[in-house]
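# A predicted structure for the sequence below; I have some questions about it.
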Amino acid sequence: MAEEPKPVLVRERLDVCELDRARMSLLNPALIAQKLEDRTIDENAKPLIELTMKEGLETVWDRFEMQQPPCKYCEAGTSCARCTMGPCRIIPPHRIRGVCGADADLIVSRNLLDTIATGAAAHSDHGRDIVETLYLVGSGKTKDYGIADPEKLRRLCEEYGIATGNVGPEKLAAELGRAMLEEYGMVKNTLQFLNRAPKGTQETWTKLGISPRGIDREVVDCMHRIQMGVGADYVNILLQGLRCSLSDGWGGSMMGTDVSDILFGTPSVLTSKVNLAVLQEDQVNIAVHGHNPVLSEMVVNACRDPGLIELAKKNGAKGINLVGLCCTGSELLMRKGVPMSGNHLNQELVIATGALEAMIVDYQCIFPSLPRIASCYHTQIISTSSKAKIPGSFFFDFSPGNGYLTAKAIVRMAVENFKNRNPQRVLIPGVPVPLMSGFSNEAIKGALGGSFKPLIDLIAAGKIRGAVGIVGCNNPHIRHDYGHVTLAKELIKRNILCVETGCAAIASGKAGLLLPEAASLAGDDLRAVCESLKIPPVLHMGSCVDNSRILVLAAELGNALNVPIHKLPVAGAAPEWYSQKAVSIGAYFVASGVYTVLGVMPHITGSPAVVSLLTEGLKGAVNASFAVEPDPVKAADLISGHIERKRTELGI
Ligand code: SF4
Ligand code: SF4
């Protein structure tokens with residue numbers, strides 16, 4: 001029998017200095033009370049934020065305050081450090097060009113292209129890891145994973161032109177995996193999933209020359225253009241940003257979603273619970289954090305191992321309680337109903353409960369600070385991706401080939417750590433909120449009786465005015481969860497259906513909006529629809545890569561009505577976004593014809609030309625644009641105005 005792998009400590013265990021803590025804990029009580037209100041609307045988070053302030057445990061909000069005021073050139077996007085003739089800043093009226101001659105428009109657009117390429121690369125590389133796992137399953141190189149949805153595997157093979165008659169799932173998995181991996185490089189000069197978009201939308205891309213030619217190719221093209229002395233025209237640079245983002249949304253992310261469904265199951269409607277109170281005092285608590293279900297699915301299996309459950313009991317716990325965080329949490333919640341402990345700004349607070357034995361991370365959105373706060377508790381931070389080693393964490397070199405054995409070793413470590421918990425320091429505030437999840441497109445169709453036609457009819461009849469994808473992160477620039485929850489409430493009140501992913505969906509879950517009972521907060525027409533279908537007015541569609549599900553939903557509606565996506569009464573919103581990935585998402589929404597409202601201003605204000613192109617000029621190119629509105633009530637006004645205009649144009 002193969003031996004379980006052993007972890008390697010990355011650098012050294014961190015120990016947060018007592019002086020740091022003393023300095024932080026000198027806040028007066030009135031200031032603590034004020035800061036609590038300013039920082040979050042998450043009631044379960046408040047006691048823990050209070051505790052961190054009183055005990056001098058540094059969190060994201062403290063570091064945010066220490067970073068104020070920000071550098072105004074970086075904030076405006078007009079600083080450049082791309083080469084050693086610089087760094088350069090644009091300081092009008094005299095310093096209006098960098099050493100190479102780049103002006104504000106070029107510097108801002110190059111920085112933005114860099115951001116889009118980074119986000120697209122992160123999503124698409126995640127997608128590649130999933131597709132590689134499919135290929136390994138098909139070629140017999142891992143026995144730990146299987147095909148959970150053979151019907152979807154066949155459907156995707158047919159989409160890719162792979163003959164399916166009398167062919168077993170393993171062979172199909174290998175062939176589909178290979179065909180998808182080829183799309184990362186460059187073989188056929190186009191991506192298969194672009195064909196899912198309505199004809200009119202595809203024609204817009206072709207006319208503008210922004211149909212992606214390959215996933216890796218578009219990222220490399222972006223990195224080439226931002227090298228000094230290549231791209232010099234801001235319009236041309238930003239068009240490449242749209243093309244790269246499309247290779248994410250209709251490429252890497254879409255593959256990540258669909259192949260995850262094949263490997264781990266296509267989500268169907270289920271119930272679970274959410275917030276920091278999903279941790280349990282009498283159990284070994286393990287949180288999975290990050291994005292890639294290839295790891296977390298194995299952790300789910302390991303947590304069910306009878307030997308490890310027995311070991312937990314021997315160590316004094318009643319069992320093993322696995323909880324999710326951020327997008328890997330959404331993957332598990334959607335497919336397995338694993339309870340969700342929180343979203344992006346909850347990640348340090350989960351540790352501050354004092355009840356977490358281990359946080360297992362893969363990659364993306366993981367604060368490098370986690371081992372610092374963990375050093376004040378018994379919590380072990382366990383990293384698992386060679387791309388994301390974190391000083392102070394214990395590293396396991398996880399791969400699909402050694403998936404289950406590694407997951408068992410990790411869970412064993414967590415179980416053995418239970419005895420190191422200090423019961424005096426445990427604070428699990430409040431009670432969890434129930435929620436409904438699992439709204440894949442297949443599940444939505446199922447709830448509608450097998451097709452999207454009833455949804456189209458409801459939209460045409462005005463019972464549902466339109467649909468909005470609310471997506472993205474948390475950001476300390478915005479009161480935690482306030483942007484998401486307020487926007488969703490405002491929209492459902494106006495009979496607009498919300499579909500959500502990522503940390504936005506988790507914010508809604510904590511606020512009770514992912515429950516059928518939340519229909520009582522909706523306008524009369526939407527309430528009646530939700531009550532008859534027994535669904536919430538806000539539907540959880542998955543993780544960040546699952547924004548591709550929203551694209552597919554929009555495409556299916558467009559195809560059914562025979563109109564391009566930009567003609568539909570739909571919109572996108574990212575009220576609390578922070579990440580480069582969110583910029584890529586916003587760009588592929590807009591490039592696909594979806595008007596998108598951001599709650600946080602990107603670093604572009606140093607170039608009025610770039611601002612004008614993104615908020616106005618794009619309308620003439622892709623029939624959609626960005627808007628920026630930090631106030632979620634005003635954002636709802638913008639969105640409902642847009643939806644009503646689209647309804648009028650459609651004559652409904
Ligand atoms: S690329 Fe141009 S603007 Fe940027 S640092 Fe170099 S010289 Fe300065
Ligand atoms: S929504 Fe944003 S913060 Fe949350 S997991 Fe996704 S990228 Fe990270």
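It's in. Numbering: from 1, shown residues only. Ligands and ions are numbered 1, 2, ... in the order given.
# Any part of stretch 561-572 near ligand 2?
No: where contact is defined by Cβ under 6 Å from any ligand atom, no part of stretch 561-572 touches ligand 2; the two come within 13.4 Å at best. The way it works is simple: take the backbone N, C-alpha and C, and place the C-beta from them, glycine included.
# Was I right to think G403 contacts M298?
Yes: in this structure, G403 is within contact of M298 by Cβ atoms under 8 Å, at 4.3 Å.
# intersection of neighbour lists for those two?
When contacts are counted by Cβ atoms under 8 Å, 6 or more residues apart in numbering, the set common to G403 and M298 consists of D144.
# Backbone dihedrals for the residue of the stretch 401-550 of the chain found nearest ligand 1, both of them.
Relative to ligand 1, the nearest point of the stretch 401-550 of the chain is H477 (26.2 Å; Cβ to the nearest ligand atom). Taking degrees, to the nearest 10, you get phi -70, psi -20 for the backbone angles of H477.
# count of residues packed around it?
Counted with other Cβ atoms under 10 Å, the neighbours of H477 add up to 15.
# just the one 10 residues further on next, same as before
The local packing of L487 (other Cβ under 10 Å) involves 30 other residues.
# element containing it, please.
When secondary structure is defined by DSSP states H and E, L487 falls within helix 482-493.
# is that helix up against ligand 2 anywhere?
No: figure legend: helix 482-493 not in contact with ligand 2 (Cβ under 6 Å from any ligand atom); closest approach 10.0 Å.
# For that helix, give the mean pLDDT please.
For helix 482-493, the mean pLDDT works out to 98.
# Could you identify the helix or strand that succeeds that helix?
Once helix 482-493 ends, the next helix or strand along the chain (criterion: DSSP H and E) is strand 496-501.
# Show me what that following strand packs onto, helices and strands only.
strand 466-470, helix 482-493, strand 538-542, helix 547-561, helix 632-650 (3 or more Cβ pairs under 8 Å, 6 or more residues apart in numbering; DSSP states H and E).
# what's the distance between stretch 423-432 and the middle of its chain?
On the basis of Cα atoms, centre = their mean, to the nearest Å, stretch 423-432 is displaced by 27 Å from the centre of the chain it belongs to.
# Stretch 509-520 too?
21 Å.
# For it, list every residue counted as buried.
Of the residues in stretch 509-520, those buried under the neighbour-count criterion (16 or more other Cβ atoms under 10 Å) are G509, K510, A511, G512, L513, L514, L515, A518, A519.
# Quote the end-to-end distance of it.
15 Å (Cα to Cα, to the nearest Å).
# any residue of it up close to ligand 2?
No: for a cut-off given as Cβ under 6 Å from any ligand atom, stretch 509-520 has no contacts with ligand 2; the smallest distance is 12.9 Å.
# To what extent is the spatially closest residue to H642 that is not a sequence neighbour buried, counted in neighbours?
Nearest non-adjacent residue to H642, counting by Cβ to Cβ, 6 or more residues apart in numbering: Y595, 5.0 Å away. A total of 26 residues lie near Y595 under the criterion other Cβ under 10 Å.
# Check the one 5 residues further on too.
Other residues near V600 number 18, with proximity taken as other Cβ under 10 Å.
# does it really touch S579, like I thought?
No: using Cβ under 8 Å, V600 is not in contact with S579; the gap is 10.6 Å.
# on that earlier part again, most packed of the helices and strands packed on strand 496-501?
Of all those, strand 538-542 carries the top mean neighbour count, a mean of 30, counting by mean count of other Cβ atoms under 10 Å.
# Pull the distance from that one to the chain's centre.
Mean C-alpha position of strand 538-542 versus that of the full chain (Cα atoms, centre = their mean) differs by 12 Å.
# Then stretch 611-619?
Averaging C-alpha positions (Cα atoms, centre = their mean) puts stretch 611-619 25 Å from its chain's average.
# Tell me which residues of that stretch come out buried.
In stretch 611-619, counting by 16+ other Cβ under 10 Å, buried: V611, L613, L614, G617, L618.
# What's the per-residue pLDDT of the second one here?
Read it as L613. For L613, pLDDT reads 98.
# That one against V235, yeah?
Yes: judged on Cβ under 8 Å, L613 makes contact with V235 at a distance of 6.6 Å.
# Where in this structure is the helix or strand with the lowest mean pLDDT?
helix 18-24 (a mean of 66; mean pLDDT, DSSP states H and E).
# next SSE after that one?
Along the chain past helix 18-24, the next helix or strand (assigned with DSSP H and E) turns out to be helix 29-39.
# can you list the residues that contact the helix or strand following that following helix?
Along the chain past helix 29-39, the next helix or strand (assigned with DSSP H and E) turns out to be helix 45-55. For helix 45-55, the surrounding residues in contact (Cβ under 8 Å, 6+ apart) are 21, 24-25, 27, 32, 35-36, 39-40, 57-59, 61, 276, 342, 345-346, 348-349, 352-353, 373, 376, 427, 429-430, 480.
# which of the residues you listed are buried?
The neighbour-count test (16+ other Cβ under 10 Å) marks 24, 35-36, 39-40, 57-59, 61, 276, 342, 345-346, 348-349, 352-353, 373, 376, 427, 429, 480 as buried among the contacts of helix 45-55.
# Out of those, which sit inside helices?
Among these, the members falling in helices are M24, K35, L36, R39, W61, E348, L349, A352, I373 (criterion: DSSP state H).
# before we move on, the earlier item: how far away is the residue nearest to H642 from ligand 2?
20 Å (Cβ to the nearest ligand atom, to the nearest Å).
# Does that residue touch R645 like I think?
No: applying Cβ under 8 Å as the test, Y595 and R645 come out as separate, 9.5 Å apart.
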